[in-house]
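Peer 1: sequence first, predicted coordinates after that:
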Amino acid sequence: MLRFRGTAVSILFCALFFGGVFRLADLQINRSRDLLAFRDNRLSQVEQKAPRRGRILDASGNIVAEDRPTQDIWLIPARFERINRRRTVVSNLEPISAEHLLFLAGRRGEEGEFELNLAIAGLSEANALVAEVAARLGMDRRETAGKILSAAISGSPASIEELANPRPLFQDTDFALALSIRAALANPYEREFWRALTVRTGGRRHYPAGSLLAHVTGAVGKLTAEEYRELRGDWTDDEAVPGKGVVHKQGRIFFSMADSGGGLSDEERILRLREVKRSGKLVRTRGYLLNEMVGRGGLEQHYNQALRGRHRLQSLRLARDSASGRRRFVPTGGMGSAVNGADIRIGIRIDTQRRVREILERHIKAISGRPELVSSGWIPSGIAIMMDPRTGRIHAMVSLPSYDPNTLGNDFALIRDDPANPLLDRTIAAIYPPGSVAKPLVGLAALAEDAVMPGQHFFCDRVLTLAGARFTCLGRHGGQDIESALMNSCNIFFYHAGEALGSRKLYEWYARLGLGHRTGIDMAGESPGILPRNAYTRRGWATGNTYHMSIGKGLAVTPLQVAVLHSAIAASEGGILRVPRPHLLLPPARPPETAEEEDLAAEAMDLERPVSESMVDREALAIIRQGMWEVVQGKPETGAIGTGWQASFPLPGGGFLIEIGGKTGTAEWSTNVGGNVRKRISHVWFAAFAPFDHPEVAVVVMLPEAGGGGGGTCAPIAKDLLRMWFNLPERMEDAANDREALG
């Protein structure tokens, strides 16, 4: 019996010994890489060095957008997971481990919501860090726990290594709170749970002009987890990618080049343009980092790559501080500083933009009391654009209503749900039927294609009948040539001109001058509009459709496209039709010093070049311009007035203080509700350029659903804008006296 017991004990000890040897071999050989990675994760981390985002300046050098320093609190999930286990409050819920954080990051749907709420309950009940932060911020514990947990799993981390990277927790916090946390981190005798936080000096985007330039500048927002995954590449199985490049799954590195022996560090590699192929598809990314602030709309989005600067990643490793005897993270290896973003300068002046908006607001307020607008529940809105027709440089661009980008983050839901839709940039993103402001294009096309001859007349009896359908005009104008048809905005003339031109040529000329296509302005969010392609193919097309298209119906354009159209007519000379590219960017005020500034200077010069140049009949262009002159000044020899006479500057003794070319527009439209067609109040337009002989500025004014006709509603607004631009007197008698005094 004793021998049996001795044998059993020997076998047990042998089993334990060989089991220990086997386990040791497994740890040393099979799992050594995993354990080393786990150790490195605990002993090292990566810190993101964010640069200052570039400023946006107006033409006079005034700041339109800039970064202001803030104190931001960041969370390090890996440390939070460790100190979370040292509970100071007894709880029935288990502490959250790193594996649990990864589990929560991957959960979706109702089950994921349940698990998340359970974890929040455990943190609010048992975590000392949550209790301390909630007390200092004056927040509810559950709310604080939710914010901390959301920060910990932001970006959907897929590995324990990713939990070592800090994530923003509270941005732009109170300076006293940030200072107290910094003091706690520096004090070796403070409680250890503070090690899960770090305080950084960040930047909050500030827009001094507020809502004045909100649509032009856009705003900034965090890169979302979905956008981050799209940029990073969501590779599931293999790390090796066919073609150029190797994909690293860690969140801080998107793509690295296959020839990595070129001496580039990961910090350099991450921020360079990557090109890899997977299944024959080319994927590009510029190395955006998780939680990075990126542009949202306007200039901020279009020039985001230049404004964001060059980010850096600093490797930190846990080491013992010789002074305090405590361990802390210290930088390892050399690293250059983050490169601040480049400043950009735009052609708009803040004071000009403010005066344009004030004029537009004043006129909108004046018409808002019209009975038909009050009864229809009209939402006051309007658009005003001023640009240089020769170069396409934008001088002012106002879309009402607007919003304050400084409060967009806090009030987003309220602004988004506003029925007035202030987030919509009506100058480039909203589309409307152009109505009669498109008639100069139709007339130019008809003359240039010899569909209508100079001096040819069509008779207007107010109604044109086609296959039983009635196509009407606003007046009974009698015999009309093209100049008179423009002056009186005669629909009947353009019905005939469009029919003679044909739908295919009509479509080609609309496209040639940019209607129904993006203008290429250097802002994000531009709409292409709608130009019916079946006018080109003739499928399902009838003559009645051509009639509508000939007077600016059946298509939808942005106000900026109308500005480009009239700028092309204004600035073209010598038989050359130049279509300008509208733009905001100006060359830097000083010689470029960096590659980014050189690129911006080159781009600014390129934007000054027209989109297209083509030959057009000189006589046809002169006739159209003369008709547009008569729209505003009328025919002084006969006393006839044009539809845009309210934009003119007549002198008491005869003549005009300044001569203008323009065109009014009234675009009728309707909606179909339950099979019933309901006529809506018309959109009204006025487009002009001045001075007539040597145009310096083109103006477009548009009021959606304001009615009253383009001449009665929008022409007076354009007149005030031109008076402001050329600094003209309010009273024409004063102008006449000034002219006589000058001899």
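Peer 2: Perfect, I can see it now. Fair warning: this is a prediction, and the values are worked out from it, not measured in the lab. Residues are numbered from 1 along each chain as shown.
Peer 1: quick one: average confidence on stretch 580-589?
Peer 2: Averaged across stretch 580-589, pLDDT comes to 92.
Peer 1: how long is that stretch end to end?
Peer 2: Length of stretch 580-589, first residue to last, Cα to Cα, to the nearest Å: 23 Å.
Peer 1: buried residues of it, list them for me.
Peer 2: 580-588 (16 or more other Cβ atoms under 10 Å). C-beta here means a position set from N, CA and C on the backbone, and glycine is covered the same way.
Peer 1: and the two most separated of those residues?
Peer 2: 580 and 588 (21.8 Å; Cβ to Cβ).
Peer 1: mind giving me the domain ranges of the protein?
Peer 2: 77-165, 350-404+425-587+610-741 (automatic domain parsing).
Peer 1: hey, least reliable of these by pLDDT?
Peer 2: Across these, domain 77-165 gives the lowest mean pLDDT, at a mean of 68.
Peer 1: filter the buried residues of stretch 580-589 down to the ones in strands?
Peer 2: 585-586 (DSSP state E).
Peer 1: need the buried residues of stretch 580-589 in TSV (columns: distance to residue 607).
Peer 2: What follows is these, written out as TSV (distance: Cβ to Cβ, whole Å):
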residue	distance to residue 607
580	9
581	6
582	9
583	4
584	9
585	6
586	9
587	10
588	14
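Peer 1: closest one of the buried residues of stretch 580-589 to residue 630?
Peer 2: Nearest to residue 630 among those, with distances taken as Cβ to Cβ, is residue 580, at 24.5 Å.
Peer 1: quick one: contacts for the closest one?
Peer 2: Counting by Cβ atoms under 8 Å, 6 or more residues apart in numbering, residue 580 touches 387-392, 564, 567-568, 571, 610-611.
Peer 1: mind checking which of those residues are in strands?
Peer 2: Reading strands off the contacts of residue 580 with DSSP E, I get residue 387.
Peer 1: from the contacts of residue 580, which land in helices?
Peer 2: 564, 567-568, 571 (DSSP state H).
Peer 1: looking at those residues, which is nearest residue 643?
Peer 2: Nearest member of those to residue 643, counting by Cβ to Cβ, is residue 567, at 20.6 Å.
Peer 1: what about the closest one, neighbour count?
Peer 2: Using other Cβ atoms under 10 Å, residue 567 has 30 other residues around it.
Peer 1: can you give me the strands for the stretch 451-600 of the chain?
Peer 2: 458-460, 463-466, 469-472, 478-480, 576-579, 585-586 (DSSP state E, counting those that start in this stretch).
Peer 1: so which of the ones you listed comes closest to residue 624?
Peer 2: Residue 624 lies closest, by Cβ to Cβ, to one member of the strands of the stretch 451-600 of the chain: strand 576-579, at 10.8 Å.
Peer 1: before we move on, back to that, next, format the contacts of residue 580 as JSON lines and append distance to residue 444.
Peer 2: As requested, the contacts of residue 580 are arranged in JSON lines below (distance: Cβ to Cβ, whole Å):
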{"residue": "387", "distance to residue 444": "20"}
{"residue": "388", "distance to residue 444": "21"}
{"residue": "389", "distance to residue 444": "15"}
{"residue": "390", "distance to residue 444": "19"}
{"residue": "391", "distance to residue 444": "22"}
{"residue": "392", "distance to residue 444": "19"}
{"residue": "564", "distance to residue 444": "14"}
{"residue": "567", "distance to residue 444": "14"}
{"residue": "568", "distance to residue 444": "10"}
{"residue": "571", "distance to residue 444": "14"}
{"residue": "610", "distance to residue 444": "17"}
{"residue": "611", "distance to residue 444": "17"}
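Peer 1: closest to residue 372 out of the ones in helices among the contacts of residue 580?
Peer 2: For the ones in helices among the contacts of residue 580, the nearest to residue 372 is residue 564 (31.7 Å; Cβ to Cβ).
Peer 1: how far away is that closest one from residue 553?
Peer 2: Counting by Cβ to Cβ, to the nearest Å, the gap from residue 564 to residue 553 is 20 Å.
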